[in-house]
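1. A predicted structure for the sequence below; I have some questions about it.
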Amino acid sequence: MLESITENLTNAIGNITRGKLSEGNIREGMGEVRKALLEADVNYDVAKAFCDRVTEQAVGDKVLKSLKPGEQIVGIVYNELVNLMGPVDHSIAIRRGETSIIMMCGLQGAGKTTTCGKLAKMLMAEGAKPMLVAADLQRPAAIEQLKVIGEQVGVPVYWEEASSSTPVKVCQNAKKAAKQQDCNVIILDTAGRLHIDDSLMKELIQIDNKLMPNQVLLVCDAMTGQDAVNSAKAFNDALELDGVILTKLDGDTRGGAALSVKAVTGVPIKFAGMGEKLDLLEPFHPDRMAQRILGQGDIATLLETA
Amino acid sequence: MAFFGKLKSALKKTKDVLRTDVRDLFKAGEILDEDKLEEFHRGLITTDMGVEAASEVVESLRKEFGGRTVDPKAIWENVKETLKLILKGDGSTDWDPDNPVSPLNMAESGTTVILVSGVNGVGKTTSIAKLANFLTKANKKVVLAAGDTFRAAAVEQLTMWSQRIGCEIVKKEEGSDPASVAFAGCDQADKNGADVAIIDTAGRLQTQQNLMQELEKIHRVIGKRIEGAPHESLLVLDATTGQNGISQASKFSAAANCTGIILTKLDGTAKGGVVVAIRKKMGIPVKYIGVGEQIDDLQLFSPDDFVEALFEEI
Ligand SMILES: Nc1nc2c(ncn2[C@@H]2O[C@H](COP(=O)(O)OP(=O)(O)OP(=O)(O)O)[C@@H](O)[C@H]2O)c(=O)[nH]1
Ligand SMILES: Nc1nc2c(ncn2[C@@H]2O[C@H](COP(=O)(O)OP(=O)(O)OP(=O)(O)O)[C@@H](O)[C@H]2O)c(=O)[nH]1
Ligand SMILES: [Mg+2]
Ligand SMILES: [Mg+2]
């Protein structure tokens, strides 16, 4: 993963470090960094702001006159990348004595249903008793899918006939059912929806208002391009997100969405989906992601030859 | 013209983004300077067409009009022309807009086999249902093969669609070899004299070598049962996908020799511009676009309309 952005950034910074460092070639090199970020699907405005910030710091006297200016710039780029994606709070607050509610939302096919199962598994390992709630009454076999996943994880699934219920009703009844079955967390699997679909966004807001979840999590596909910020922003405006879960990071996507979403919404990325299996959910680490982006090994060799 | 209207509304958001930027940009009589070109570059990048394609468009503007007084009409003609040329490629996309199944390569005789693949959650199963609906309406007998034997309830999902459409479906229990399901699908389609067999496959990331080999095997096995199959190998691509779409297209093509793309979820605000880069690099044409979750939310892709709708009224 992230090889290409690494390569591009490395080349760009290589261009800066190899020659003599001047304000002029820092700005030029930053143009390359920006291009690399755009090719990694970082949102245009985020990439621009990023490069402006780095340039501002890098053209300072301190850097130009320092012994190893190249190293300093790499440090600045790295720190800014980390700052963009962090800080992260990996906790999922569980209320004592009452039912905690986690609501998942996101675009179609992002990985919500799968991630519900992964979260349940993770919470179970922490001693919680989760229940999954089938609040997607829309997609063919969505309920069936959650039932299978619930069975695989070993947690109860609350569901109602799609034809005779509504998502809000299902969620409300699930809360009661959870009490009866001694479950202390319910995870709501909502239907995928476009952020510009007003009626479906209203439905989410309704669930949010009626159930008052303590965690609203946006599930976001790591392969998303420039549009990641638009949808994340719209979901955040509607629901005040508590966190983002970035899925499908197991592929070779350069993952620019990770940079963009946090920068634009201010909502932290809490977890990363690393595969289809239900144990493949990891805490998201901005520093690791930034290191991966920069490819520390390459940077080191590069600085030696600089 | 109905579908053009719908395409336009699906792409309206795209237009809005570009229009607001660009209307202020290219005003008659003003000089086309670097700031304007840069701002236009930004607009193009937000379509996900990629740095290379966007730079090419901007470069052609710079060469043609840079430093001169703006003639908005000439500029738009130039931009549209560049994009249309890329999307049309060698001109193999001149299918009949009134015939929704005309982009499909059909077998000379016997059963036509369509293989559908793509990464996870892009809309493969839904698009198959939509295609089957097109074909059924065109009086073709369709058999679906539930080749996703991995994902929870994937078979149930395709089964529900087959019931709604009223077409046959071939399935085996969860966990069975997808290639054997594909084979069985072709077998039943051939024996029952079906016109078309459509094979669903599990979502897979293009970096998962074992799963890509599995796809290769499915592709191979189909060809063993029906000569020349698959006649059409469709890659489903999510319009929200960024530059990773290029890697998807190249690796899925290597495994399944893709002959066309279905670009889904164009009803959102994503522009799907990565297909421009894919067409440029690999020559795979977009054949259909998905504009919703319902059965008839599939449209024939038209490069002209796509580009026109993108930039209309500007
Ligand atoms: N490789 C990979 N695949 C994933 C990951 N998370 C989910 N998937 C797959 O992505 C596809 C879609 O996942 P779902 O959980 O059904 O997505 P969803 O958001 O619930 O979809 P809708 O309910 O239709 O909107 C499935 O094939 C999943 O197996 C991940 O982290 N990595
Ligand atoms: N808005 C919109 N949603 C779509 C479109 N096509 C598919 N979807 C939705 O996207 C989600 C995923 O669709 P599927 O057909 O299950 O995708 P898939 O590629 O088969 O998924 P896996 O088999 O899990 O890899 C579902 O919620 C569909 O309703 C489209 O054109 N527009
Ligand atoms: Mg779901
Ligand atoms: Mg599917």
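-> Yes, it's here. Numbering: from 1, shown residues only, chains lettered A, B, ... in the order given. Ligands and ions are numbered 1, 2, ... in the order given.

2. any idea how far residue A:257 is from residue A:53?
-> Going from residue A:257 to residue A:53 by C-beta to C-beta, to the nearest Å gives 20 Å. Yep, even glycine has a C-beta here, placed from its N, CA and C like the rest.

3. Quick one: low-confidence residue ranges for chain A.
-> Along chain A, the model assigns pLDDT under 70 to residues A:1-21, A:61-71, A:292-306.

4. need the helices for it, in chain order.
-> For chain A, the helices defined by DSSP state H occupy A:3-18, A:23-39, A:44-58, A:61-65, A:69-85, A:112-125, A:142-153, A:167-180, A:198-211, A:228-239, A:256-265, A:286-294, A:296-305.

5. TSV please, covering those and showing mean neighbour count.
-> Formatted as TSV, the helices of chain A follow (neighbours: other C-beta atoms under 10 Å in any protein chain shown):
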stretch	mean neighbour count
helix A:3-18	19
helix A:23-39	19
helix A:44-58	19
helix A:61-65	12
helix A:69-85	20
helix A:112-125	23
helix A:142-153	21
helix A:167-180	18
helix A:198-211	16
helix A:228-239	21
helix A:256-265	26
helix A:286-294	20
helix A:296-305	14
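
6. Of all those, which one is nearest residue A:135?
-> Proximity to residue A:135 (C-beta to C-beta) singles out helix A:167-180 among the helices of chain A, at 4.4 Å.

7. The closest one and ligand 1, are they touching?
-> No - on the criterion C-beta under 6 Å from any ligand atom, helix A:167-180 is out of touch with ligand 1, staying 12.3 Å away.

8. Now do that helix: which elements does it pack against?
-> In terms of contacts (3 or more C-beta pairs under 8 Å, 6 or more residues apart in numbering or on different chains; DSSP states H and E), helix A:167-180 is packed against strand A:130-135, strand A:157-158, strand A:185-190, helix A:198-211.

9. do that again at 6 Å, thanks
-> With contacts taken as 3 or more C-beta pairs under 6 Å, 6 or more residues apart in numbering or on different chains; DSSP states H and E, helix A:167-180 sits against strand A:130-135, strand A:185-190, helix A:198-211.

10. Is ligand 3 within reach of that helix?
-> No - Helix A:167-180 lies apart from ligand 3 when judged by C-beta under 5 Å from the ion; the minimum separation is 12.2 Å.

11. List every C-alpha atom in that helix, with coordinates, as CSV.
-> Presented in CSV, the C-alpha positions along helix A:167-180 are these (Å, rounded to 0.1, in the frame of the first residue of the first chain):
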residue,chain,number,x,y,z
PRO,A,167,-35.7,1.7,10.8
VAL,A,168,-36.7,3.9,13.7
LYS,A,169,-39.1,1.3,15.1
VAL,A,170,-36.5,-1.5,14.7
CYS,A,171,-34.0,0.6,16.6
GLN,A,172,-36.4,1.5,19.4
ASN,A,173,-37.6,-2.0,19.8
ALA,A,174,-34.0,-3.3,19.8
LYS,A,175,-33.2,-1.1,22.7
LYS,A,176,-35.9,-2.8,24.7
ALA,A,177,-34.9,-6.3,23.5
ALA,A,178,-31.3,-5.6,24.5
LYS,A,179,-32.4,-4.9,28.1
GLN,A,180,-34.4,-8.2,28.2
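
12. when you compare where that helix runs with where strand A:185-190 runs, what's the angle?
-> 160 degrees (axes from the mean of the first three to the mean of the last three C-alpha atoms, to 10 degrees).

13. Run through who's touching helix A:167-180.
-> With C-beta atoms under 6 Å, 6 or more residues apart in numbering or on different chains as the test, helix A:167-180 has contacts from A:99, A:131, A:133, A:135, A:137, A:158, A:160, A:186, A:188, A:206-207, A:210-211.

14. before we move on, back to that, export the helices and strands packed on helix A:167-180 to TSV and append columns for distance to residue B:68.
-> What follows is the helices and strands packed on helix A:167-180, written out as TSV (distance: least, C-beta to C-beta, whole Å):
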stretch	distance to residue B:68
strand A:130-135	58
strand A:185-190	53
helix A:198-211	44
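
15. looking at these, which is closest to residue B:153?
-> That would be strand A:130-135 among the helices and strands packed on helix A:167-180, by C-beta to C-beta, at 11.1 Å.

16. What is that closest one packed up against?
-> helix A:112-125, helix A:142-153, strand A:157-158, helix A:167-180, strand A:185-190.

17. Redo these as JSON lines? Include distance to ligand 2.
-> Converted to JSON lines, the helices and strands packed on strand A:130-135 look like this (distance: least, C-beta to the nearest ligand atom, whole Å):
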{"stretch": "helix A:112-125", "distance to ligand 2": "8"}
{"stretch": "helix A:142-153", "distance to ligand 2": "8"}
{"stretch": "strand A:157-158", "distance to ligand 2": "18"}
{"stretch": "helix A:167-180", "distance to ligand 2": "14"}
{"stretch": "strand A:185-190", "distance to ligand 2": "11"}
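
18. Residue B:88 is nearest to which of those?
-> Nearest of the helices and strands packed on strand A:130-135 to residue B:88, taken as C-beta to C-beta: helix A:112-125 at 37.5 Å.

19. For the stretch 151-300 of chain B, give the residue positioned nearest to ligand 4.
-> In the stretch 151-300 of chain B, the residue that lies nearest ligand 4 is residue B:154 (5.1 Å; C-beta to the ion).

20. Which residue, other than its chain neighbours, is closest to that residue?
-> Nearest non-adjacent residue to residue B:154, counting by C-beta to C-beta, 6 or more residues apart in numbering or on different chains: residue B:148, 3.8 Å away.

21. In three-state terms, label the one you found for me.
-> coil (DSSP: H, G, I helix; E, B strand; the rest coil).

22. cool, and residue B:258?
-> When classified by three-state DSSP, residue B:258 comes out as coil.

23. what sits against it?
-> B:233, B:235, B:252, B:284.

24. which of the residues in stretch A:88-100 are buried?
-> Burial within stretch A:88-100, assessed by neighbour count using 16 or more other C-beta atoms under 10 Å in any protein chain shown, is assigned to A:88, A:92, A:94, A:99-100.

25. nearest residue to residue A:279 other than its sequence neighbours?
-> Closest residue in space to residue A:279, ignoring its immediate chain neighbours: residue A:121 at 6.3 Å, by C-beta to C-beta, 6+ apart.

26. shouldn't that neighbour be in contact with residue A:281?
-> No - contact criterion C-beta atoms under 6 Å: residue A:121 and residue A:281 do not qualify, at 7.6 Å.

27. now the strands: where do they sit in chain B?
-> Under the criterion DSSP state E, chain B contains strands at B:112-117, B:142-145, B:168-170, B:196-199, B:232-238, B:260-264, B:286-290, B:298-300.

28. now the angle from the fifth one to strand B:112-117?
-> In other words, strand B:232-238. 30 degrees.

29. Identify the residues contacting strand B:232-238?
-> B:104-105, B:114-116, B:118, B:122-124, B:127, B:245, B:252, B:256-265.

30. Distance of the residue in the stretch 1-150 of chain B that chain A sits nearest to relative to residue A:216?
-> Nearest residue of the stretch 1-150 of chain B to chain A: residue B:121, at 2.9 Å (C-beta to the nearest C-beta). Distance of residue B:121 to residue A:216, computed by C-beta to C-beta: 21 Å.
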